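In: Pasting the sequence and the predicted model now:
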Amino acid sequence: SAHIVRRSLDNEGIGSSALKKKTKEMPMSLSPKVAFALVSFFLGELGDGLNIFQGIYLVTLGWNEGSVGIALGLMGGTALLVQTFAGDVIDKTHFDRRMFLSLASVATAFSASAILFVHEGNEDHILIFGTKVIEGISSSFIGPCIAALTLATFGPDVFDEVMASNIFWGHVGSSASAVLAGLAGYFLYPDIKYCFLVIGISAMMAVGGVQFLPEGDPLLGRGLHIRESKNSNDAGRGTLDADVALQGGGNDTQYVNMTRPQSAPKFHSLESEEKMASGYLEVFADRKTLVLCLTGFFFHFANANVLLVLGELMGGDNDDGSVSRKAIPLIAGAIILAQVTMSVATYIGDDLTKKGVGRKPLFLAGLITLPVRCALIIFWKDAGDSWLLSTQILDGIGGGFFGLLHPYLVNDIAFGSGRFNVLMGLTASSFGLGATISNVLGQIVVEKLGHVASLSGSLILSIIPVVLFAFLMPETLGMRGNAIHKKKEVEAEISQRGDGQIV
């Protein structure tokens, strides 16, 4: 509520005149939640939805399936090497995270658009392989930046709700890009390269939306929960969500961290921040971290190649092995159906979470859809395109729950440790490793042994993450703030009051 926000600002030294001045300095025509939704929508259009069309286009130019798999695998392989490092950079940076997000978006768009310059024939491998490496690096910063800015702005108590909104609109953006790419690909076939212009347009729109995002509390953005006064219940940095919620602030909480008082320090020194943070090994070696990484690895190892195989089964191939024109709208429909289902699954998952349903049953529900999906594709491989297309509903349910609960689980594990974004990066790297191996080996198996063999391998692998998560992962709902570093946090607060240096 307005009086709570005003009291919080007054407690931190902002008078009404200072607040008016600060408001004039910021482009506040959009509320923070709407701004995050808008940026997430356009970033969703930069996502993996168009990779399948890039693969199809390269095949029409004369590339073989193995080369396409390597090209797509290079992006994932680079990302898996960079994502943990990227998360660590976003944790520690004293550079505005919004600038990181803008630069990463532009670099991703330019790299993905390089496919427009590929010549006909099995050529220009260096161009595509090189730009896929750049795309893997730049895209590695997008997820951590969005997560960090969301946590920095809204805090831990409202994080789930806003991240659910971000993820929902990201899926809507991916659906929109698939619609545009599918229409362009069908009507321009076989010269479908211009459908990739949607990537550049989306990047520019995302950069325009970033200016409306608040920077929030930098320390809170890395998962450090800091009170600046031992005996006060007022809004110390990093405690605004809890304090406002206790006073009945409800959904107005998202406006509290939009601006920073001019009198408040912007950053602690990196050395003092690192003293407050948990050690890397403490976070990485935690059982929950290991189980989440292994679960995600095997899930993506089994899942990543399935859509490409499905696209090859639907619509058939031309005599030269390229995907037929009939397959273009079917593949677009498969992506759209999955993304729409993901949007619905995200909405339902968020609603169930608000009602107290735990992380574990929802995550398991998503994992179980994959072996069922693989079995149905094998069973229906000759039943017709509509039957094959319907299996994407299961992909949407699985991907929707997985994508929604991933940041929830990471925040449950790492909040308060100061290692939130590096753990987001580590888990994403594990997932990317599985997807990379899937893209490369899956297409090699298709080339040598056929589609059914590739799908059978995915079916067997998809059982592993279900077993791992069911038997080894505890329920994490309600654990947020009780991180493994709790004792260290208390000691750090005492040290900060005594000799912490502010820069």
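Out: Here it is on my side, so go on. Numbering: from 1, shown residues only.

In: drop to CA atoms for contacts and neighbour counts, all remaining ones
Out: Will do.

In: Give me the pLDDT for the residue nearest the centre of the chain.
Out: Among the residues of the chain, the one closest to the centroid is Gly143, at 4.5 Å (Cα atoms, centre = their mean). On pLDDT, Gly143 comes in at 86.

In: ok, now Lys22?
Out: Lys22 is given a pLDDT of 43.

In: can you check the one 4 residues further on too?
Out: At Met26, the model reports a pLDDT of 46.

In: again, but for Ser263
Out: For Ser263, the predicted pLDDT is 38.

In: again with Met473
Out: So, for Met473, pLDDT stands at 92.

In: Cys374 too?
Out: So Cys374 comes in at 89 (pLDDT).

In: how far away is the nearest residue to it once chain neighbours are set aside from Thr153?
Out: Distances taken as Cα to Cα, 6 or more residues apart in numbering place Leu459 nearest to Cys374, at 5.5 Å, with adjacent residues excluded. To Thr153, Leu459 is 41 Å away according to Cα to Cα, to the nearest Å.

In: Same check on Gly216?
Out: Separation of Gly216 from Thr153 (Cα to Cα) stands at 4 Å.

In: what about those two, which has more around it?
Out: Each of Gly216 and Thr153 has its neighbours counted (other Cα atoms under 10 Å); Thr153 has more, 32 against 24.

In: Figure out the helix or strand that that one lives in.
Out: Using DSSP states H and E, the element containing Thr153 is helix 125-154.

In: Name the single longest helix found in the chain.
Out: helix 156-188 (DSSP state H).

In: tilt between the helix or strand following that helix and helix 156-188?
Out: For helix 156-188, the following helix or strand on the C-terminal side (DSSP H and E) is helix 197-210. Interaxial angle, helix 197-210 versus helix 156-188 (axes from the mean of the first three to the mean of the last three Cα atoms, to 10 degrees): 150 degrees.

In: can I have helix 197-210 written out in CSV, keeping just the CAs?
Out: The C-alpha coordinates for helix 197-210 follow below in CSV (Å, rounded to 0.1, in the frame of the first residue of the first chain):
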residue,chain,number,x,y,z
LEU,A,197,14.5,-11.6,-39.1
VAL,A,198,12.1,-11.9,-36.2
ILE,A,199,15.1,-12.5,-34.0
GLY,A,200,16.7,-9.2,-34.7
ILE,A,201,13.4,-7.3,-34.3
SER,A,202,12.7,-9.0,-31.0
ALA,A,203,16.1,-8.2,-29.7
MET,A,204,15.6,-4.5,-30.5
MET,A,205,12.2,-4.5,-28.8
ALA,A,206,13.7,-6.3,-25.7
VAL,A,207,16.5,-3.7,-25.4
GLY,A,208,13.8,-1.0,-25.6
GLY,A,209,11.9,-2.6,-22.8
VAL,A,210,15.0,-3.0,-20.5
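
In: model confidence over that helix, on average?
Out: Mean predicted confidence for helix 197-210 is 82.

In: ok, now stretch 160-172?
Out: Here the average pLDDT along stretch 160-172 is 90.

In: mind checking how far that stretch is from the chain centre?
Out: Centroid separation for stretch 160-172 versus its chain: 10 Å, with Cα atoms, centre = their mean, to the nearest Å.

In: same thing with stretch 335-350?
Out: The answer for stretch 335-350 is 15 Å, by Cα atoms, centre = their mean.

In: Report the inter-axis angle for the helix or strand where Gly333 lies versus helix 156-188.
Out: Using DSSP H and E, Gly333 sits in helix 327-354. Per the same axes, to 10 degrees, the angle that helix 327-354 makes with helix 156-188 is 170 degrees.

In: what pLDDT, on average, does helix 327-354 get?
Out: The pLDDT scores in helix 327-354 average 82.

In: Which other helices and strands does it contact?
Out: With contacts taken as 3 or more Cα pairs under 8 Å, 6 or more residues apart in numbering; DSSP states H and E, helix 327-354 sits against helix 156-188, helix 306-313, helix 385-390, helix 392-414.

In: how about the CA coordinates for the next helix or strand after that helix, as PDB?
Out: Later in the chain than helix 327-354, the nearest helix or strand by DSSP H and E is helix 359-379. The C-alpha coordinates for helix 359-379 follow below in PDB (Å, rounded to 0.1, in the frame of the first residue of the first chain):
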ATOM      1  CA  ARG A 359       7.900 -28.400  -5.500                       C
ATOM      2  CA  LYS A 360       8.500 -32.100  -5.600                       C
ATOM      3  CA  PRO A 361       5.100 -33.400  -6.900                       C
ATOM      4  CA  LEU A 362       4.900 -30.700  -9.500                       C
ATOM      5  CA  PHE A 363       8.500 -31.300 -10.700                       C
ATOM      6  CA  LEU A 364       7.900 -35.100 -10.800                       C
ATOM      7  CA  ALA A 365       4.700 -34.500 -12.800                       C
ATOM      8  CA  GLY A 366       6.800 -32.700 -15.400                       C
ATOM      9  CA  LEU A 367       9.500 -35.400 -15.500                       C
ATOM     10  CA  ILE A 368       7.000 -38.200 -16.000                       C
ATOM     11  CA  THR A 369       5.600 -36.700 -19.200                       C
ATOM     12  CA  LEU A 370       8.800 -37.400 -21.100                       C
ATOM     13  CA  PRO A 371       8.900 -41.200 -21.200                       C
ATOM     14  CA  VAL A 372       5.100 -41.200 -21.900                       C
ATOM     15  CA  ARG A 373       5.700 -38.800 -24.800                       C
ATOM     16  CA  CYS A 374       8.600 -40.900 -26.300                       C
ATOM     17  CA  ALA A 375       6.500 -44.100 -26.100                       C
ATOM     18  CA  LEU A 376       3.600 -42.500 -27.800                       C
ATOM     19  CA  ILE A 377       5.700 -41.100 -30.700                       C
ATOM     20  CA  ILE A 378       7.200 -44.500 -31.300                       C
ATOM     21  CA  PHE A 379       3.700 -46.100 -31.100                       C
END
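
In: between helix 359-379 and helix 392-414, what angle do the directions make?
Out: 150 degrees.

In: Pull out the buried residues from helix 359-379.
Out: Within helix 359-379, the residues that count as buried by 16 or more other Cα atoms under 10 Å are 359-360, 362-364, 366-375, 377-378.

In: ok now it, how far from the chain's centre?
Out: 20 Å.

In: burial count for Ala435?
Out: Neighbour tally, Ala435, other Cα under 10 Å: 28.

In: check contacts around it.
Out: Residues near Ala435 by Cα atoms under 8 Å, 6 or more residues apart in numbering: 73, 76, 297, 300-305.

In: a markdown table please, covering those and showing secondary structure and neighbour count.
Out: Below are these laid out as a markdown table (DSSP: H, G, I helix; E, B strand; the rest coil; neighbours: other Cα atoms under 10 Å):
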| residue | secondary structure | neighbour count |
| --- | --- | --- |
| Gly73 | helix | 25 |
| Gly76 | helix | 28 |
| Phe297 | helix | 25 |
| His300 | helix | 26 |
| Phe301 | helix | 28 |
| Ala302 | helix | 31 |
| Asn303 | helix | 27 |
| Ala304 | coil | 21 |
| Asn305 | coil | 23 |
